[in-house]
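Need coordinates for the following:
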Amino acid sequence: MLTISQLASYAGVTVRAVRHYHRIGLLAEPERDRSGYRTYDAVAVVRLIRIRTLADAGVPLARVQELLDAGPEEFAGGVQEIDKALRAEIRRLQDTRSRLARLAAGEHLALPQSVVDYLDRLRGLGVEERYIEMERDAWIMIAAQVPHSIDSVIAKKHEELNDPDMVKLYSLLSGALDWPANDPRIVEVADIMERLMIRAVEAGEVGADDGIDDQFVDLLDSTMVESSPQAARLLAVLEERGWRGWTRIERVPADRLNTGLPPS
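Numbering: from 1, shown residues only. Sure thing, here's the model as predicted:
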């Protein structure tokens, strides 16, 4: 007969594990002998080894009893169910690891991949990191508002980057954070923006439902204006020309359409 320490040693588990199996009913706890000790036989060793083997294979302890008492077909079916659950858990953990790896890059926090790729494209164009951080924060808010259409919005932004005017605009805005409020280049930015807005009007892209409510548009606009004195000056120049709106064009001056604005 074996002591609990010997039983644990032969089965390759700890004494603590044996006592835990006693508590949850997987391994019967023998009566004490005349000396007050609990002793175990070979049947206990075999059962404990089977318990350990199932547990090491990933079988939840809650299902070990079921498999120990199952016939061959029931055992095979039970193992298949557990394997299916384990594979699903592995996929979940792999997805979690992928998300954690993306989060390590910083921008993947609250941003879909399409937006991250767009910001990387801006970096490739030489846009300064300070400006990209501002744009990133705006996209975080936008993606949260229109999660189902953000990829199509970004696809449109990629198309716009094929326009030399848009590339020039980003080039100027990137360095504008250090300009004084009366910098003459603000007028150049306004000229470019006006050309882009006129093209958007002519293409029928102004006034379409963008899925964003007016209050959120106001939030984005105010965030942009508060970002620097240059932004407020730029909006003032555009309003002097009859335009209103940044995130969404709200007023179009008819007399500015087809007027032969300065070329890029």
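
pLDDT below threshold where in the stretch 101-250 of the chain?
101-109, 207-210 (pLDDT under 70).

Distance of the residue of the chain most remote from its centre relative to S5?
Using Cα atoms, centre = their mean, the residue of the chain lying farthest from its centre is R34. It sits 64.2 Å away. Between R34 and S5 the distance is 20 Å, computed by Cβ to Cβ, to the nearest Å. For glycine as for every other residue, the C-beta is placed from the backbone atoms N, C-alpha and C.

so where does the residue farthest from the centre of the chain fall, helix or strand?
Secondary structure assignment for R34, by DSSP states H and E: no helix or strand.

Next up, phi/psi of it, please.
Dihedral pair for R34: phi -60, psi -20, per degrees, to the nearest 10.

Need the three-state assignment for L26.
Following DSSP: H, G, I helix; E, B strand; the rest coil, L26 is assigned to coil.

Going forward, the N-terminal residue is numbered 520.
Shifting the count to begin at 520 puts that one at L545.

hang on, isn't it packed against A581?
No: with contact defined as Cβ atoms under 8 Å, L545 does not reach A581; the gap is 10.0 Å.

Compare neighbour counts for those two and give me the winner.
Neighbour tally, L545 and A581, criterion other Cβ atoms under 10 Å: the higher count belongs to L545, 20 against 9.

ok, the residue farthest from the centre of the chain - contacts?
Listed by Cβ atoms under 8 Å, 6 or more residues apart in numbering, the contact set of R553 is empty.

Can you name the next helix or strand after the longest helix along the chain?
Identified as the longest helix of the chain according to DSSP state H is helix 591-622. Next in sequence after helix 591-622, counting helices and strands by DSSP H and E, comes helix 632-643.

Just want the angle from that following helix to helix 591-622.
Orientation check (axes from the mean of the first three to the mean of the last three Cα atoms, to 10 degrees): helix 632-643 against helix 591-622 gives 30 degrees.

just checking, what packs against helix 632-643?
Helices and strands touching helix 632-643, as assessed by 3 or more Cβ pairs under 8 Å, 6 or more residues apart in numbering; DSSP states H and E, comprise helix 648-664, helix 669-679.
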